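S.K.: When you get a sec, could you give me coordinates for this:
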Amino acid sequence: MTRAVGIDLGTTYSAVAAVQAGEPVIVPSPEGGRLVPSIVAVGRTGERLIGEMAKRQRMLNPEDTIYSVKRLMGCRFTDQSVQTDSKRLPYRLTEGANGDVRVIMGGRLYSPPEISAMILRKLKRAADDYLGEEVTDAVVTVPAYFNDSQRQATRDAGTIAGLNVLRICSEPTAAALAYGMHKEQGTTIAVYDLGGGTFDISILEAGGGTFHVKSSSGDTHLGGDDFDERIVDWLCKQFAEETGIDLRQYVTAMQRVRDAAEKAKHELSSLEETEINLPYVVTDEAGAKHLVITLTRGQFESMILDLIKQTLRCCRQALADARLTAGDISEVLLVGGSSRIPRVQEEVQEFFGREPRKGIDPDEAIALGAAIQAGMLSRELDDVVLSDVTPLTLGIRTVGGIATPIIPRSTPIPVSKTRTFSTAADMQRSIEVLVYQGERELFDENTMLGCFTLTGIPPAPAGGVKIDVTFNIDADGILNVTARDKSTGNEKELTISASSGLSREEVEQAARDLEVRDSASLLLHRAEKILQGLDDGAGQLKQRIEGDIASLRSALQGQDLLSITSAVQQLGDSLQPAAVAACHQSAPGRSEGNQPPG
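M.R.: The predicted structure follows:
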């Protein structure tokens, strides 16, 4: 098996790591950092920007800068969480043909997996360069509380990016791997993972290279973004009271406010107060208006305390599912950038009755742990064993629209469980099996994963025929459902294939599109470098290349891949003599008026 890497596809930042000499290490980004902002944008000239470059232009072009897309992965456009996010995000959301979410960037519609794939592609390229070989296999992490659709959306993103996703790993589990890789004695660990857009808590037993997840809980729409929004709301309210102006009516001004809110949040982790100073934030008939205000740590903590308490409710649920108390926890591990907030650390310490460990970078732990699991699967590491749990309850719809559980949440996998049901009506000849995932009592309030019909049931009074329904989940989390008529032995089986909202054809088309556009972007970058190396004597050649660059940029703004491919070929042909000329000009010993040394 080829080298495999671990990827933390985060809401705010992403990272990639690989195993080197038996230890996981973070792969540096092309810009030299250790993290890549999870931001994608279209620049003024139509070029695609990813990471730091996209973040730098977010304030100037907020409508075409996509961030926090992780919160949209695998969601329906009508979901309440999506509708809430659409009101605060500067870029536009719309409904796809399948009812999923689409974002608008540069006048085009993109699915969340496509945006995520662009980030993954950048991480893949960084790993290729760092390891000196092409990377095709990866373990990608997701919040422990992601449902099947959200996990499939992440897997689709990997496929579009040109990666073979070996495993979708829960983020807290990955963090625990990074923390306890060399622990010999048994330890019960609580991983408190508060990131930019999601929260997870997982309880694990670790020791001797074995990691067993006992339970998980969380909220896929609770994180640093929500803390930022509390500051944003406060700033807008203060500004409106002072000036009578609603800042939310100004897109660019609101992006400045959001950036200032995020910066203030970071500063209040080390300072007792910070000044938010935004000169010329808006201009009206009376002139320019400035936003200058001081925010104290105490004010910020009061804004977000209810959100922190919400995370602790998830902690209680995870402990209950694991049949443990806070006193049974040996170690508490903080993960995710938002866990740096002092009040978060104080509340977690009070809840568990012990000081959380901070010996591992909360922004890097997940990627490092994902690399460990990638090393396990690629056989670079062979002394680590990991078992996980199903994050959400699985069951079927029964009479009255009731959601009847078959596999409760936090059940260790792989697992197989069977429940016996009976017919609900006299002379019933078939039974429809509707499979759901979720924690609500009514079927319609959960997520339906699939359905099938078992036919050929012999006629009998209601309750006269018994049907065994078996749920089987393998180590990869794939669910198979079987319904069997106990009287005849007749059975029907269904493998649940989660959907991200994209069809297989759409995923394949998106992969081709990303590959072609990525190659075109790399060629444009190379062409601009070669142009800089040509002297004035190559004026005709420079003019030809500049024209071909303009043609390729124009093609990239459209959706015709053949036009892009043709423009790439044309530019590539022009660059061949240009590259030779540039090398000739920079040859050693050559200067104006001199001949090459003989």
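S.K.: going forward, measure contacts and count neighbours with C-alpha atoms only.
M.R.: Will do.
S.K.: In the stretch 351-500 of the chain, where is pLDDT below threshold?
M.R.: The stretch 351-500 of the chain contains residues with pLDDT under 70 at 383, 476, 497-500.
S.K.: same thing with the chain?
M.R.: Ranges of the chain meeting pLDDT under 70: 1, 181-185, 383, 476, 497-500, 536-537, 579-598.
S.K.: That one: helices as residue ranges?
M.R.: 52-56, 80-88, 112-131, 148-160, 171-180, 224-243, 251-267, 297-321, 342-352, 365-377, 504-533, 539-556, 561-585 (DSSP state H).
S.K.: Which one, of those helices, ends up nearest to Glu205?
M.R.: helix 171-180 (9.4 Å; C-alpha to C-alpha).
S.K.: and that closest one, what does it pack onto?
M.R.: Counting contacts by 3 or more C-alpha pairs under 8 Å, 6 or more residues apart in numbering; DSSP states H and E, helix 171-180 is packed against strand 137-142, strand 187-194, strand 199-207, strand 331-335, helix 365-377.
S.K.: For Pro405, which of these is the nearest?
M.R.: With C-alpha to C-alpha as the yardstick, what comes closest out of the helices and strands packed on helix 171-180 is strand 199-207 (21.5 Å).
S.K.: For that closest one, which helices and strands make contact with it?
M.R.: Packed next to strand 199-207, using 3+ C-alpha pairs under 8 Å, 6+ apart, are helix 171-180, strand 187-194, strand 210-219, helix 297-321.
S.K.: Include mean neighbour count and distance to Arg88 when you put these into CSV, please.
M.R.: As requested, the helices and strands packed on strand 199-207 are exported to CSV (neighbours: other C-alpha atoms under 10 Å; distance: least, C-alpha to C-alpha, whole Å):
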stretch, mean neighbour count, distance to Arg88
helix 171-180, 27, 26
strand 187-194, 25, 20
strand 210-219, 24, 19
helix 297-321, 17, 17
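S.K.: Tabulate those (JSON lines), appending distance to Lys486.
M.R.: Formatted as JSON lines, these follow (distance: least, C-alpha to C-alpha, whole Å):
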{"stretch": "helix 171-180", "distance to Lys486": "40"}
{"stretch": "strand 187-194", "distance to Lys486": "43"}
{"stretch": "strand 210-219", "distance to Lys486": "34"}
{"stretch": "helix 297-321", "distance to Lys486": "33"}
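S.K.: Quick one: closest of the ones you listed to Gln80.
M.R.: The nearest among the helices and strands packed on strand 199-207, by C-alpha to C-alpha, is strand 210-219 at 13.6 Å.
S.K.: could you give the angle of that closest one to helix 171-180?
M.R.: 140 degrees (axes from the mean of the first three to the mean of the last three C-alpha atoms, to 10 degrees).
S.K.: Can you tell me the strand partners of strand 210-219 and which way each runs?
M.R.: strand 199-207 (antiparallel), strand 385-389 (parallel) (DSSP bridges).
S.K.: Single out the most deeply packed of the ones you listed.
M.R.: Greatest average neighbour count among the strands paired with strand 210-219 goes to strand 199-207 (a mean of 26), per mean count of other C-alpha atoms under 10 Å.
S.K.: quick one: contacts of that strand?
M.R.: Contact with strand 199-207 is made by 143-145, 171-173, 176, 180, 182-194, 211-223, 311, 314-315, 318-319, 322, as judged by C-alpha atoms under 8 Å, 6 or more residues apart in numbering.
S.K.: Stretch 116-127 now?
M.R.: 5, 7, 9, 14-17, 27-30, 36, 38-40, 50-51, 69-70, 134-135, 154, 157-162, 514.
S.K.: As CSV, could you dump the C-alpha coordinates of the strand ranked longest in the chain?
M.R.: Assignment by DSSP state E gives strand 273-284 as the longest strand of the chain. Output of strand 273-284 as CSV, limited to C-alpha atoms (Å, rounded to 0.1, in the frame of the first residue of the first chain):
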residue,chain,number,x,y,z
GLU,A,273,-10.1,43.8,27.6
THR,A,274,-9.5,44.8,24.0
GLU,A,275,-10.4,47.8,21.9
ILE,A,276,-12.3,47.2,18.6
ASN,A,277,-11.4,50.1,16.3
LEU,A,278,-13.0,50.2,12.8
PRO,A,279,-12.5,53.7,11.3
TYR,A,280,-14.8,54.6,8.4
VAL,A,281,-16.9,51.5,8.9
VAL,A,282,-19.7,53.2,7.0
THR,A,283,-20.5,56.6,5.4
ASP,A,284,-23.8,58.3,5.3
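S.K.: just to revisit the earlier point, put together JSON lines for the helices and strands packed on helix 171-180, with distance to Ser422 on each row.
M.R.: Formatted as JSON lines, those follow (distance: least, C-alpha to C-alpha, whole Å):
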{"stretch": "strand 137-142", "distance to Ser422": "38"}
{"stretch": "strand 187-194", "distance to Ser422": "41"}
{"stretch": "strand 199-207", "distance to Ser422": "37"}
{"stretch": "strand 331-335", "distance to Ser422": "46"}
{"stretch": "helix 365-377", "distance to Ser422": "43"}
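S.K.: Out of these, which gets nearest to Ile530?
M.R.: Comparing those by C-alpha to C-alpha, strand 137-142 comes nearest, at 33.1 Å.
S.K.: What pairs with the closest one, parallel or antiparallel?
M.R.: Sheet pairing for strand 137-142, using DSSP bridges, gives strand 4-8 (parallel), strand 164-170 (parallel).
S.K.: For Glu272, which of these is the nearest?
M.R.: Among the strands paired with strand 137-142, strand 4-8 sits nearest to Glu272 (C-alpha to C-alpha), with 31.6 Å.
S.K.: How about the closest one, which residues are buried there?
M.R.: 4-8 (16 or more other C-alpha atoms under 10 Å).
S.K.: who's in contact with Leu531?
M.R.: 542, 545, 578.
S.K.: By neighbour count, which of those residues wins?
M.R.: When neighbours are taken as other C-alpha atoms under 10 Å, the top entry among the contacts of Leu531 is Ile545 (23 neighbours).
S.K.: Skipping adjacent residues, who's closest to it in space?
M.R.: Spatial nearest neighbour of Ile545, chain neighbours left out: Ser574 (6.1 Å); criterion: C-alpha to C-alpha, 6 or more residues apart in numbering.
S.K.: Check the gap between that neighbour and Ile203 for me.
M.R.: 59 Å (C-alpha to C-alpha, to the nearest Å).
S.K.: Repeat that for Ala190.
M.R.: 5 Å.
S.K.: Kindly report the same for Glu528.
M.R.: 52 Å.
S.K.: Lovely, talk soon.
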